[in-house]
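Chemist: please find the sequence and the predicted model below.
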Amino acid sequence: MTRVWRLIVDGPVDGALNMALDRAIQVRRQQGSAPPTLRLYRWSRPTVTLGRFQRVEGVDASFCQANGIDIVRRFTGGRGVLHDDEVTYSVIAAVDDGVPSGVARSYRHLCAALAEAYAALGARAELTERDRGHRGTEACYLQTTRADLSSGDAKLSGSAQVWLGETVMQHGSFVMTRDVASEARVFRLDPVQARRLADHTTTLEALLGRRPGHDEIIDAVKRGFERSLGITLVGGELGADEAELAASLAAERYVTAHDDVPSVRT
């Protein structure tokens, strides 16, 4: 019997609420009151998300404040990401929903669905075979790991995940275009690092020769996940308990800040 998962497509909201929504769904899925969920969303303004244990000093907070870029901390690990012209995904599911236990196996399982989504858009993407890149910066896209998708030698998409009991939350980005100059300023990259960011990353626009629309990406992601995971996605909304928890988390733990980005707590 085909498993049914919920599909949530959200309009643009701020970074604190986006991160709180991902976590709230995971908490409720672990508790059994929310279904397995694929959430696709956007950002109301450019936003830097920092990894859970990342140093805020690696980001130029003054530049962000002057240019209307928010800063918020994720519940997942990894390095900083500048979210701007993209569609972001999060998938929240339990081992009982068919996700293999363990970080490496679950990444392979879920990234296969992402690769199918890129294929539906007409873009080649494959799970990176070996770690590579620059470890000396706070920018996620200057390092490629075996949890990321590449197109040839160029990093296409990064993902991060966190487990809560038997439930995983993984999120990442379908990047349409990249402002390398802004990203370099945000993460204090030197000219060599900025050139590497330009030369060793790619976007959907670069691969397709055009900028795809949001609805086109959403449709491709839906088809890719259904085909790869053998599930049926049905449109739905947040439950009242999820929305209440997300509002609380956004206010208490994911406060957007520039000078002091607070750590999140379990």
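Modeler: Done, it's in. Numbers count the residues shown, from 1 in each chain.
Chemist: D85 - how many residues pack around it?
Modeler: A count of nearby residues for D85, using other CB atoms under 10 Å, gives 17. Heads up, the C-betas are built off the backbone N, CA and C, glycines and all.
Chemist: isn't it right next to S173, touching?
Modeler: No - at 9.8 Å, D85 does not count as touching S173 under the criterion of CB atoms under 8 Å.
Chemist: low-confidence ranges, the stretch 151-266 of the chain, go.
Modeler: By pLDDT under 70, the weakly predicted segments of the stretch 151-266 of the chain are 253-266.
Chemist: can you give me the strands in it?
Modeler: All strands of the stretch 151-266 of the chain, identified by DSSP state E, counting those that start in this stretch, fall at 154-157, 159-164, 167-175, 231-235.
Chemist: partner strands of the last one, with direction?
Modeler: Using DSSP bridges, the strands paired with strand 231-235 in its sheet are strand 3-9 (parallel).
Chemist: next, the buried residues of the partner strand.
Modeler: By neighbour count with 16 or more other CB atoms under 10 Å, strand 3-9 contains the buried residues W5, R6, L7, I8, V9.
Chemist: so which of those residues comes closest to M19?
Modeler: When these are compared for distance to M19 (CB to CB), I8 wins out at 14.8 Å.
Chemist: separation between that closest one and E244?
Modeler: As for I8, its distance to E244 is 16 Å (criterion: CB to CB, to the nearest Å).
Chemist: pick out the residue nearest the middle of the chain.
Modeler: Central residue of the chain (CA atoms, centre = their mean): G172, 2.0 Å from the mean position.
Chemist: got the contact list for the nearest residue to it once chain neighbours are set aside?
Modeler: Spatial nearest neighbour of G172, chain neighbours left out: S159 (3.6 Å); criterion: CB to CB, 6 or more residues apart in numbering. In this structure, S159 makes contact with Y107, L110, C111, L114, A147, D148, L149, Q170, H171, G172, judged by CB atoms under 8 Å, 6 or more residues apart in numbering.
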